[in-house]
Structure formats: structure tokens, C-alpha cells
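In: sequence first, predicted coordinates after that:
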Amino acid sequence: MANHTLIPLMTIDIALPVQAFRFEYTLVGRSDLPFIREFILRLLKVGNMSATHLAKFLGLTEKEVSIAVSQLVSLNEICLDNEGNIQLTAEAHKYFDGPSDNRPKITKLFEGTSTFKFDLLSFGLIRPYDKISPPLNTLRLSPETEKLSNSVNYAKSAFLRNYIDIFEEESISFDGVNDIRKVELYKLSDVRKNKDYNTRFSLTFSLDTERNSIERHSDSRFFDVDEIQKNLNEVLLSSFNTSNIQDIVSALDTLDETQLLDCFTPDGIDLTALAILAVKQSASSSGRSYFLGSPTNSANWSQLTTLIKKHLKDGKSTATCTWLAPSDRFWLMSNQSFSRTSELINATKGLEAQLYVPVEGSKDKHQELLWKKSLGSMKGKAIKVSEGFMGGSVEVILVPGIVSMVCFYLQNPGESVSIPFGFITTGELDIDRIHQNFESYLQSYDTHMEKRDYGPLVLSGQKLV
């Protein structure tokens, strides 16, 4: 697949559930000795000698040597031989691992308390550089109930299997131990669940033009973990909706979009033909050019924002922006798409933006709450609208007189995510026509005889945070 042409379609962020656990443990290891103590033992390993000779080698006074010698006698590390010279005891000889080892080390117990984080699917260690963040605007993975209820036991097992690697990853060290791999676990006293977290990673869906298929890839190490892959497949499969090909075809017909319509066959859509149309960047007779992927994908976003900023570059011009979000589960589901959308709506000088978000009806409190959570600082500029404009799977970004971008989210049979594609136009008549279609939709009535424009997502006086 490395030699295939991949056209990015959509990036979503995956939230991986994490728990922190507090471990109390005791290790046994070989520890280095203080300098003077080690030097005396090393000298005596070479041969027995008197206190006077020790003082000369160490550059100490006889009084200082006497204090050091007394300490080692009390530790049963040295004694006198038959000639009155100082020698190592049998116990001290054990400090040296072998004849070639000239540095003495003692076996020592180390007690420690550490907190480590593990994901709740594979119980792999969450490393210091893994990003911990709230799971907003993500596709959330879910651990099995049994693993969740017995997470302490799973974490304990993971620690027992990999404690050396965990210490290395977390840069945990112990006084006098130069090689962490030579310590052994003596006792695991306690394991307690501490706190819940989430870490996230990005997953990109791309069109493989040679295979005429949708491929997914990620640079994250989590993507290669079997347990995570399995759960991800299950969650993506559960998100599958029925095909909306007829809705998309009807919307294209409404907009007289013949070139995109030509990419459809009796069996569905010809992805290769769609890719060729987008890559060629050819303009139709109406002045439309075509793209693949969501509007916030880098190439598409650059094309859109360049046109807008060109108009606003003098700092004096102003413009209005009407942005209709699609009825698509994965819309705005990544840091990239959220930050780019927010920047254009909230931080573009001279641009007055309104974001229309689809709901089932004026009393759809559940979807309202979801939008308030996912939009963050943008929710103050959001307006509720009855879902279903051109079938519902359509995103419109429109700046009158400047540009209109229309993106269709096709749910292809057998695919777990939709395929975003569309056109961008700078033709004023074309922009006006799209604008009028949307305005007419807003003024029409839903099945409950209410106008489809349901008003602000956040009412006047309500808190925005």
C-alpha cells in the first residue's frame, strides 16, 4: 500500500479510556556503596593491609581511617588476620559478583510508591508523552464490562509482567542502582485505582485510488494494538448508517451538478472517477472546482480560507459567513477540524459567522446538549435548524459574493465512515442560488408546522460556559 496514491478524506480523533493506579512495592537489588566504604573494600580485595597503609592509600589521617574501619567492623565486612592486618570477611567477599568484578555491591531492599496509567483495553502503559485530554469531539472506545470491573487485577498483572520496562519508561531510579534491569520485585504490597483519564490519537481515512477502497491509517502506536483495533472495529461498525446515495444524487440534481452525478453508476459511486475529477481540479462550465475530503482537510481548507482572507486582507472589508453543519456523526470529531472551524468562526477579523447545527425538532433537547458540549466557544454563534436540508448529509460554507463550498457526506454500503466530497465556487450567481436555496429552507415548515430555523442554540441570558 506504500506505493498507492492515498487521498485523505477525513481525520477523526479516538478517545482511549485510561485509569491511573497507585502501586506500593518492594524491590531487591544490588546497590553501590559510599565512596570511602567502597574504596576500602576494593583495596582489601587486592590484599590484606594495615590501617597505616590504608591511610596512605586514601590520603586520610589515622584517626579518620580508624573511624571508617570501626564502621566496617560493625557491619561485619572486615576483620584482622593472624598478622594483625585488616582483611575482608567472608560476607564482604560476597559483595563482589566474581573475580573480575572490582566494585562491591550490597543486596538491598528498596520500597517505592508510584502511580502508573494503563489503557483499559490492552492494559498497556500510558507513557509520559502520550496526550491526556478530555474525550470531547472524539470517537470513544469502550472497555469490556469485565475488564472495567476488575481493572485493578488487570493492572496488577500488567505491572508484574512488565515492571522493569515500566520503570525504564517512567525513568524511575533507586539510589545506588546503576542498572535497573538487575532489580527484582520482592513484594507488591498494594494496588489501588486512582483516577480515570482519556488519551487520544488520530485516525485518518483515505481513498486508495488503485484499490478503489477506503483505507485507514494512524501514526499512533495504539493503532497497532490488537485489543484496541478490535474495539475500534466494533465501534466503527456500530456507527454504520444505511446508504444515503439517493439523497446525495437528489441534492446534486437540485444543484445541477452534472460532473459529480457522472461519477455515480447503477452500482453506487465510482470512487476512482471521483478522485480523477478532484485531482484534476478542473472547473465546470459553472465555474465550480471539485475536491475530495472534508472541508477542514488541509488542501481544501487552504483553498477556502485563502479566498476569504483575500477579500478581508485590507482589514477594512467585512463579510458574513453562513455555515451549515451536516448530519454526520464524525463531523468536527478531531482537534484539527475543531480548531480550524473555531478559528474561522471566532477569530477571523471582519467575518461575521453564523453556524447552523441540525436537530430533529425544536424540542430535541438531547441533540441540543450534545451540540453545546461539542461546540465549545462556538456555541454562542450557533443556530438550531431542522435537519434535512438536501437530505441532511450536506455541509455548506457560504460567504455571499466571495465563495461557497458545498460538501456531501456519502454513506457508501459497506463503509464505516462517510465519504466527503464536493465543489467550491466563486461564481456570484452560483453562490446566490445556493444561498437562496438555504434561505428558502429556513423559511419553510417542518412536520410540526414550525419554521425550520429554531433560533439560537444558547438563548439570551444563558451562560456560554
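Out: Received the coordinates, thanks.
In: where does the stretch 251-400 of the chain dip in pLDDT?
Out: 281-286, 315 (pLDDT under 70).
In: which outside residues touch the lengthiest helix in the chain?
Out: Criterion DSSP state H: the longest helix present in the chain is helix 151-169. With contacts defined as CB atoms under 8 Å, 6 or more residues apart in numbering, helix 151-169 is touched by 19, 21, 23, 25, 116, 118, 120, 123-125, 127-128, 143, 147, 172-173, 180-181, 183, 185, 188, 191-193. No exception for glycine: its C-beta is placed from N, CA and C like everyone else's.
In: can you show me the strands along the stretch 201-350 of the chain?
Out: Ranges of strands within the stretch 201-350 of the chain are 213-217, 264-265, 268-269, 288-292, 319-324, based on DSSP state E, counting those that start in this stretch.
In: how does this protein divide into domains?
Out: Using the TED database, the domain parsing of the chain gives 6-26+109-237, 34-103, 242-456.
In: these into JSON lines, with extra columns for mean neighbour count?
Out: JSON lines is the format used below for the domains of the chain (neighbours: other CB atoms under 10 Å):
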{"stretch": "domain 6-26+109-237", "mean neighbour count": "16"}
{"stretch": "domain 34-103", "mean neighbour count": "14"}
{"stretch": "domain 242-456", "mean neighbour count": "17"}
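In: before we move on, back to that, nearest to Ser31, of the strands of the stretch 201-350 of the chain?
Out: Nearest to Ser31 among these is strand 213-217; the distance by CB to CB comes to 46.6 Å.
In: what's the closest one packed up against?
Out: For strand 213-217, the contact count by 3 or more CB pairs under 8 Å, 6 or more residues apart in numbering; DSSP states H and E identifies strand 6-32, strand 184-208 as packing neighbours.
In: just list what the last one packs against, helices and strands only.
Out: Contact here means 3+ CB pairs under 8 Å, 6+ apart; on that basis strand 184-208 packs against strand 6-32, strand 105-119, helix 151-169, strand 213-217, helix 271-280, helix 335-347.
In: how far does stretch 93-107 stretch from one end to the other?
Out: For stretch 93-107, the first-to-last residue distance is 13 Å (CA to CA, to the nearest Å).
In: that older thread, mind putting the helices and strands packed on strand 184-208 into CSV with distance to Lys310?
Out: CSV is the format used below for the helices and strands packed on strand 184-208 (distance: least, CB to CB, whole Å):
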stretch, distance to Lys310
strand 6-32, 25
strand 105-119, 45
helix 151-169, 49
strand 213-217, 34
helix 271-280, 22
helix 335-347, 14
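In: where among the ones you listed is average confidence lowest?
Out: Ranked by mean pLDDT, those end with helix 271-280 at the bottom, a mean of 86.
In: need the contact partners of that helix.
Out: Under CB under 8 Å, 6+ apart, the answer for helix 271-280 is 5, 7, 207, 209, 212-213, 259-260, 262-263, 290-292, 419, 421.
In: at 7 Å instead, please
Out: 7, 207, 209, 212, 259, 263, 290-292, 421 (CB atoms under 7 Å, 6 or more residues apart in numbering).
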